[in-house]
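Participant: Build me a model from this:
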Amino acid sequence: MAYYVYMLRCGDGSLYTGSTSQVSRRVAVHQSGKGAKYTRSRLPVELVYQETLPDRSAALRREAAIKKLTRGQKLALLAEKESMQVEMRGKDRR
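Facilitator: Model (predicted):
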């Protein structure tokens, strides 16, 4: 079973990082106000990043590493991911 690290942009502009085996279900729980205490008062949330990892242990390690990043470094990670997605869309059109 694959695990995921995800990042949410909260209604106040802050970023929240977590890990799960089912991203869409977990985001829905956050959005309903029943997720992490941090996100409950910062609704709505938007999924802005996800990364697939081979197992729960790897996901938890990656989550911890991302949480140690500064806000600027997290935003750079988001920008890098977006850049890669745009590049891949361009290759798909060829």
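
Participant: Strands of the protein, residue ranges please.
Facilitator: For the chain, the strands defined by DSSP state E occupy 3-9, 15-20, 46-53.

Participant: If you count contacts, what does the lowest-mean-pLDDT helix or strand in the chain end up packed against?
Facilitator: None of the helices or strands of the chain scores lower by mean pLDDT, DSSP states H and E than helix 71-92, at a mean of 82. Under the contact criterion of 3 or more C-beta pairs under 8 Å, 6 or more residues apart in numbering; DSSP states H and E, helix 71-92 touches strand 3-9, strand 15-20, strand 46-53. No exception for glycine: its C-beta is placed from N, CA and C like everyone else's.

Participant: and Tyr4, how many neighbours does it have?
Facilitator: For Tyr4, the count of nearby residues is 19 (other C-beta atoms under 10 Å).

Participant: which residues does it contact?
Facilitator: Listed by C-beta atoms under 8 Å, 6 or more residues apart in numbering, the contact partners of Tyr4 are 19-21, 23, 50-53, 59.

Participant: Now with 10 Å, please.
Facilitator: If a contact means C-beta atoms under 10 Å, 6 or more residues apart in numbering, then Tyr4 has 18-23, 26, 49-53, 59, 62-63 as its contacts.
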